[in-house]
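>>> sequence first, predicted coordinates after that:
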Amino acid sequence: MLGEILENVRERSPLIQNITNYVTANDCANITLACGASPTMSDGEEEAEEMGCLCDGLNINMGTLHPRSVKAMLLAGKSAAGFGRPIVLDPVGAGASTYRRETAEELLREIPFTAIRGNISEIKTISGGRNSSKGVDADAADAVTEENLEKTIALARDFSGRTGAVIAISGAVDIVTDTKNTYIIRNGHPVMAKITGCGCMLSSLTAAYLAANPDRKLEAVAAAVITMGLCGEKAYEKMAEENSGNAGCRNHLIDEVYKLTGRELERGAKYELR
């Protein structure tokens, strides 16, 4: 199943609109290309509606918010929804400021998201109004552990029921769930936390996987999360061989996504389904 989802991306090469932040826009574009999809990084309100209907999927990322980008997000989101396109929300740093929290709330009110992907602090903030974060990073006190895993799954399933979206929580243990089924994913490496934009890249990847697999939403999101984690593992191995640093690991990460085969994805996936 995982391999088929990846191959569908490469066969169908969906066009993905990324309204993302200027810190990671280049990486998001490159990882979209690496997985086999095609990116557009348009974030202007003047063309947001047109791009929303032209593209096969939309990724909305709150990393560097300002009023103009928020207007583009709303216009593109409503347009994409009108044409039945999958839409991903990455609520970066949602608990870091009132403006971010209120923007996330507005986006959730106005746009029917297909998937919502964030760290545990971001998901807690937008699902229940809790303000807990360390800037744009997760609060260490919120970390998903074996002890609180079931509680975190219950929170994510409840949020999925209220939004109709697949919920993906990224961390040392990743959770991808709808209201009934949950993937618990243990791929990845700690060095990924030292690469700016891993989460942003994953959201772009998620939009591409959803656009190419519209009838398998939960599986598509899980496959994207597993892809990122597995390629992160492979990138770390290359980094260690070269004795390079986190910048080298970032380049290897994108390369590993480009080189990944469906068979490797199936073989390297570490998950359980509950």
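All right, it came through fine. All figures in this text were calculated on a predicted structure; none of them were measured in a lab. Numbering: from 1, shown residues only.
>>> what segments of this protein are strands?
15-19, 38-40, 57-61, 87-90, 115-119, 166-170, 174-177, 182-185, 271-273 (DSSP state E).
>>> export those strands to TSV and tack on distance to Gly77?
C-beta coordinates here come from the backbone N, C-alpha and C atoms, glycine included. Shown next, in TSV, are those (distance: least, C-beta to C-beta, whole Å):
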stretch	distance to Gly77
strand 15-19	9
strand 38-40	15
strand 57-61	6
strand 87-90	6
strand 115-119	13
strand 166-170	16
strand 174-177	22
strand 182-185	26
strand 271-273	30
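>>> just put the ones you listed in JSON lines and tack on mean pLDDT, distance to His252 and mean neighbour count.
Shown next, in JSON lines, are the strands of the chain (pLDDT from 0 to 100; distance: least, C-beta to C-beta, whole Å; neighbours: other C-beta atoms under 10 Å):
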{"stretch": "strand 15-19", "mean pLDDT": "96", "distance to His252": "22", "mean neighbour count": "27"}
{"stretch": "strand 38-40", "mean pLDDT": "96", "distance to His252": "20", "mean neighbour count": "18"}
{"stretch": "strand 57-61", "mean pLDDT": "97", "distance to His252": "23", "mean neighbour count": "29"}
{"stretch": "strand 87-90", "mean pLDDT": "98", "distance to His252": "23", "mean neighbour count": "28"}
{"stretch": "strand 115-119", "mean pLDDT": "96", "distance to His252": "22", "mean neighbour count": "28"}
{"stretch": "strand 166-170", "mean pLDDT": "96", "distance to His252": "19", "mean neighbour count": "28"}
{"stretch": "strand 174-177", "mean pLDDT": "97", "distance to His252": "20", "mean neighbour count": "26"}
{"stretch": "strand 182-185", "mean pLDDT": "97", "distance to His252": "20", "mean neighbour count": "23"}
{"stretch": "strand 271-273", "mean pLDDT": "95", "distance to His252": "23", "mean neighbour count": "13"}
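>>> so for Leu218, which of the ones you listed sits nearest?
strand 166-170 (5.4 Å; C-beta to C-beta).
>>> enumerate every residue touching the closest residue to Val191 other than its chain neighbours.
Nearest non-adjacent residue to Val191, counting by C-beta to C-beta, 6 or more residues apart in numbering: Tyr236, 5.0 Å away. Shown in contact with Tyr236 (C-beta atoms under 8 Å, 6 or more residues apart in numbering): 189, 191-192, 249.
>>> low pLDDT regions in the stretch 151-274 of the chain?
Along the stretch 151-274 of the chain, no part satisfies pLDDT under 70.
>>> in stretch 224-239, which residues are buried?
Residues of stretch 224-239 classed as buried: 224-236, 238-239 (neighbour count, 16 or more other C-beta atoms under 10 Å).
>>> make that stretch 156-164, sorry
Result for stretch 156-164 [16+ other C-beta under 10 Å]: buried residues 156-157, 159-160, 163.
>>> what's the closest of those residues to Leu108?
Thr163 (6.6 Å).
>>> so that closest one touches Leu108, yeah?
Yes. If you go by C-beta atoms under 8 Å, Thr163 and Leu108 touch, sitting 6.6 Å apart.
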